[in-house]
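Participant: Here's a sequence, model it:
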Amino acid sequence: MARYQDIALELGEAIGRLEYRPGERFPSVREASRAHGVAVGTMLRVYEALETQGLIEARPRSGYFVRLRPALVHGEPARSEPLARRAPVDVSQLVFQLLDETRQQQMVPFGSAFPSPELFPFTALMRSAAAAARRLDPWSSVYDLPPGNAQLRRWIARRYRLGGCAIDPDQIVVTNGALEAINLCLQATTRPGDTVAVESPTFYATLQAIERLRLRAIEIPTHSRTGLDVPALARVLRRTSISACIAMSNFQNPLGSLMPESDKQALVQLLGRHRVPLIEDDVYGELYHGTDRPRPLKAYDRDGQVLHCGSFAKCLAPGLRVGWCAPGRFRERVQQLKVMSSIATPSLTQATLVNYLRDHSFDRHLRALRAKLIWQLQMLIRAMETSFPSECRITRPQGGYLLWVQLPAAVDALRLHALAQQEHISLAPGPLFSARRGYRQFVRLNFGHPWTAHSARAIERLGGHIRALAAGSTRG
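Facilitator: Sure thing, here's the model as predicted:
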């Protein structure tokens, strides 16, 4: 990347963090060139790039100013209204097709479930892995059997305390990513044929886990800002036997919603009264866009009914596939199932994380990561406000890196997905996120990849396809 592009990215992220506020005067070209130690000509290219991105504007005889943000054109999706009936799950074929797309580097990866590898400290992690390999005790394959590496579990327990949870390291089980943790927790709390309550829409990997275990799902309404509708779940519990509930209270996938603290407490208390285990998927909790990490549901657990699942994959080390769970009163059963399913999480990957967390500032990395995600979200929404028809409705994520879009009524998400594929643009169509393959007028977009001119053109092309489909004029 050229020097001017590096500086443009740095200043764009600073604008995204509101270090320069809308309407505020921006430093002059000469001031900025001195501050960054580059020529005036280089800084002019930086300012041209920021103007092209719509972040700053030149005013005659006054200098440069941070652009005022336009009024939002698009509303937000309404509360979901799924059918409150148990149903078998069959989403895997669609999921496998989407995963095939994410492996194609020429695709603009709006459909990916993963953040960009470029956002993570790959070099530092590889150095930590090399150091771990040199020092690895041959007996670690025994010491690190479930529940897992003791040093790593102590670090995770300290992190829990920062989130308002007092959890003993011995209550934590290290897993091969959060998905294994969720699968183990489902196995510990259900039997084939049981019914599991899920948010609607919900992450497709959750549905796949339910499908694999031959369970049934009952979908609970959600709101795009506040997540799961607790009163709606209470009504379901009065008439349906539920064996477990899976919820993502912090930056839910695909909505990006954040449950209010009062709703979190009410959800835990409601399920506690009904003696229904609550499996919490909290993989996005560290990716908040505000000033403080939101508390997990586990913080309100008083009787071990909440099985909390976390991961390093979304915030630090996607390739290492290390997660964990704090399964409360189900810990012994989860640990047994872990041994039966995969024996252990590899010692080297656990030791790599221990080395990294000891030698580097995890919080400094997170601050930089959050700033990039906030800026990339702002760029995506700005592009959508320009390119997408006003009939579209867009969520306003408060964390994570995922956005949920409601399309005009005449636009089918699977048709849009097919058209986008032809132009090497991936997106995640709504039917992936429903046990009944609903949400045919919705798509999920990923803003966890660096924003480029290529990204902007892809959004413009998607907007054109949406307008054409809404008008009934797209052929092919």
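Participant: which intervals of the stretch 351-476 of the chain have sub-threshold pLDDT?
Facilitator: 473-476 (pLDDT under 70).
Participant: Kindly report the same for the chain.
Facilitator: Applying pLDDT under 70 to the chain picks out residues 1, 17, 53, 68-72, 98-105, 473-476.
Participant: Please parse it into its domains.
Facilitator: 3-66, 121-359, 364-471 (automatic domain parsing).
Participant: Would you reformat the ones you listed as TSV and include mean neighbour count?
Facilitator: No exception for glycine: its C-beta is placed from N, CA and C like everyone else's. What follows is the domains of the chain, written out as TSV (neighbours: other C-beta atoms under 10 Å):
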stretch	mean neighbour count
domain 3-66	16
domain 121-359	20
domain 364-471	20
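Participant: Let me know which of those domains is the nearest to residue 110.
Facilitator: domain 364-471 (4.5 Å; C-beta to C-beta).
Participant: What's the end-to-end length of the closest one?
Facilitator: In domain 364-471, first residue to last residue: 48 Å (C-alpha to C-alpha, to the nearest Å).
Participant: before we move on, what about stretch 205-223?
Facilitator: For stretch 205-223, the end-to-end distance is 21 Å (C-alpha to C-alpha).
Participant: Distance from the chain centre to it, please.
Facilitator: 18 Å (C-alpha atoms, centre = their mean, to the nearest Å).
Participant: helix/strand/coil for residue 4?
Facilitator: What DSSP: H, G, I helix; E, B strand; the rest coil gives for residue 4 is helix.
Participant: What residue, apart from its backbone neighbours, is nearest it spatially?
Facilitator: Nearest in space to residue 4, with sequence neighbours left out and distances taken as C-beta to C-beta, 6 or more residues apart in numbering, is residue 45 at 4.2 Å.
Participant: ok, and what's touching the helix or strand hosting the one you found?
Facilitator: Element membership of residue 45, judged by DSSP states H and E, is helix 40-52. For helix 40-52, the external contacting residues (C-beta atoms under 8 Å, 6 or more residues apart in numbering) are 3-5, 7-8, 11-12, 15, 29-30, 32-33, 36, 56-58, 64.
Participant: please redo it, this time with the cut-off set to 7 Å
Facilitator: For helix 40-52, the external contacting residues (C-beta atoms under 7 Å, 6 or more residues apart in numbering) are 3-5, 7-8, 11-12, 29-30, 32-33, 36, 56-58, 64.
Participant: and after it, which helix or strand comes next?
Facilitator: Following helix 40-52 in sequence order, the next helix or strand is strand 56-59 (DSSP H and E).
Participant: helices or strands up against that next one?
Facilitator: Secondary-structure packing of strand 56-59 (3 or more C-beta pairs under 7 Å, 6 or more residues apart in numbering; DSSP states H and E): helix 40-52, strand 63-66.
Participant: possible to save these as TSV with distance to residue 422?
Facilitator: Converted to TSV, these look like this (distance: least, C-beta to C-beta, whole Å):
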stretch	distance to residue 422
helix 40-52	27
strand 63-66	38
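Participant: Which one, of the ones you listed, ends up nearest to residue 311?
Facilitator: Nearest to residue 311, of all these, is helix 40-52, at 34.9 Å by C-beta to C-beta.
Participant: so how far is the helix holding residue 45 off the chain centroid?
Facilitator: That offset, for helix 40-52, works out to 32 Å (C-alpha atoms, centre = their mean).
Participant: Ok, stretch 299-310 next?
Facilitator: The answer for stretch 299-310 is 21 Å, by C-alpha atoms, centre = their mean.
Participant: Over to stretch 15-30?
Facilitator: Distance, stretch centre to chain centre, for stretch 15-30: 29 Å (C-alpha atoms, centre = their mean).
Participant: If you tally nearby residues, what's the number for residue 115?
Facilitator: Residue 115 is flanked by 25 other residues according to other C-beta atoms under 10 Å.
Participant: quick one: it and residue 108, what's the gap?
Facilitator: Using C-beta to C-beta, to the nearest Å, residue 115 is found at 15 Å from residue 108.
Participant: rewinding a little: now for the domains of the chain, which one comes closest to residue 95?
Facilitator: domain 121-359 (5.1 Å).
Participant: can you give me the end-to-end distance of that closest one?
Facilitator: First-to-last distance for domain 121-359 - C-alpha to C-alpha - comes to 13 Å.
Participant: List of residues touching stretch 258-269?
Facilitator: 226-228, 230, 247, 249-251, 278, 294-295, 297, 300-301, 306, 398-399.
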